[in-house]
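Chemist: Sequence isn't available, so here's the structure alone:
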């Protein structure tokens, strides 16, 4: 596991410690989870489990069928 050193001003450090305390985790874990969540390139398991949860939700073909034709873009 890697170690990282960061420099924070006093106010940012206070907010970080308060956020970690509120989440009931260590500052290190709080920062690690923040990095993990912000740099994730796949959907979280909770989001993937929602696939198909709404049986009446239209599929992509249905959605595209009613959007009509795109208007040509103007030049900037």
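Modeler: Now that the structure is in, tell me what you want to look at. All figures in this text were calculated on a predicted structure; none of them were measured in a lab.
Chemist: after the helix or strand where residue 14 lies, next one along is what?
Modeler: Residue 14 is located in helix 10-23, with elements delineated by DSSP states H and E. Per DSSP H and E, helix 10-23 leads on to helix 27-39 as the next helix or strand towards the C-terminus.
Chemist: who does that following helix touch, helix- and strand-wise?
Modeler: Applying 3 or more Cβ pairs under 8 Å, 6 or more residues apart in numbering; DSSP states H and E, one finds that helix 27-39 makes contact with helix 10-23. Quick note: C-beta positions are derived from backbone N, CA and C, even for glycine.
Chemist: for the helix holding residue 14, which positions count as buried?
Modeler: The neighbour-count check on helix 10-23 (16 or more other Cβ atoms under 10 Å) flags 16, 20 as buried.
Chemist: Which residues outside that helix are in contact with it?
Modeler: 8, 26-27, 29-31 (Cβ atoms under 8 Å, 6 or more residues apart in numbering).
Chemist: Check stretch 27-38 too.
Modeler: By Cβ under 8 Å, 6+ apart, the surrounding residues in contact with stretch 27-38 are 6, 16-17, 19-20, 23, 25.
Chemist: Can you lay out those as a markdown table showing distance to residue 43 and pLDDT?
Modeler: Shown next, in a markdown table, are the contacts of stretch 27-38 (distance: Cβ to Cβ, whole Å; pLDDT from 0 to 100):
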| residue | distance to residue 43 | pLDDT |
| --- | --- | --- |
| 6 | 28 | 95 |
| 16 | 27 | 98 |
| 17 | 31 | 98 |
| 19 | 24 | 98 |
| 20 | 26 | 98 |
| 23 | 22 | 98 |
| 25 | 23 | 98 |
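Chemist: and these, which two are the farthest apart?
Modeler: Distance extremes for the contacts of stretch 27-38: the farthest pair is 6 and 23 at 17.8 Å, using Cβ to Cβ.
Chemist: Leaving out chain neighbours, which residue sits closest to residue 8?
Modeler: If the residues on either side of it in the chain are set aside, residue 8 comes closest to residue 16, at 6.6 Å by Cβ to Cβ, 6 or more residues apart in numbering.
Chemist: element containing residue 51?
Modeler: Take DSSP H and E as the rule and residue 51 turns out to sit in neither a helix nor a strand.
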